[in-house]
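Chemist: got a structure for you, letters missing:
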């Protein structure tokens, strides 16, 4: 299923299901965006490339949607009926509506309530989710999924 979204781009943003041909581009998007996310959280050493993280964290067990701009993947989201587990946007395209469009697309396919975990320090992600209606319900400490040698603090957000 494809859906056109009007955003501040030269072309329309297309939201669609993942295709195996997207894999190289999704790896590049994830790896660049994940490095930024971990830097904000002070966890640069915890970086794992998508080629490793996808297997360890079961990426393909989720519904996987891609935002495409001018024929190229610009970001992706992965989710279940009640959890938005992955959201990554090409850092060169951040703050231009790609992440918001992916969140809204995912929410339209999910039940309620929906939860998401955001690493402490990732203020841009927190701001995005607050704009989309999420509210923080708790802060929790634990081990980083997929890279358990690292301790993390996460904000747990919920949308009813």
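Modeler: Sure thing, it's come through. Just so you know, these numbers come straight off a predicted model, no measurement behind them.
Chemist: Could you check how far the helix or strand where residue 129 lies is from the centre of its chain?
Modeler: In this structure, residue 129 sits in helix 123-131 according to DSSP states H and E. Centroid separation for helix 123-131 versus its chain: 12 Å, with C-alpha atoms, centre = their mean, to the nearest Å.
Chemist: and if you look at stretch 94-109?
Modeler: 9 Å.
Chemist: Spell out the secondary structure type for the spatially most central residue of the chain.
Modeler: The centre of the chain sits closest to residue 87, judged by C-alpha atoms, centre = their mean, with a distance of 0.6 Å. Applying DSSP: H, G, I helix; E, B strand; the rest coil to residue 87 yields a three-state assignment of strand.
Chemist: my guess is it contacts residue 66, does it?
Modeler: No: using C-beta atoms under 8 Å, residue 87 is not in contact with residue 66, being 11.8 Å away. Using the backbone N, CA and C atoms, a C-beta is placed for each residue, glycine as well.
Chemist: what touches both of those two?
Modeler: Taking C-beta atoms under 8 Å, 6 or more residues apart in numbering as the contact criterion, the common neighbours of residue 87 and residue 66 are 75-76.
Chemist: longest helix anywhere in this protein?
Modeler: helix 23-40 (DSSP state H).
Chemist: Could you give me the buried positions within that helix?
Modeler: Along helix 23-40, these residues count as buried under the neighbour rule (16 or more other C-beta atoms under 10 Å): 25-26, 29-31, 33-34, 37-38, 40.
Chemist: any idea which of those is closest to residue 118?
Modeler: The closest of the buried residues of helix 23-40 to residue 118 turns out to be residue 37 (C-beta to C-beta; 9.1 Å).
Chemist: circling back to that earlier point, what mean pLDDT does the longest helix of the chain have?
Modeler: Mean per-residue pLDDT for helix 23-40: 98.
Chemist: Which elements pack onto that helix?
Modeler: For helix 23-40, the elements it packs on are helix 50-56, strand 72-79, strand 84-89, strand 114-119, helix 123-131, judged by 3 or more C-beta pairs under 8 Å, 6 or more residues apart in numbering; DSSP states H and E.
Chemist: Thanks a lot, see you next time.
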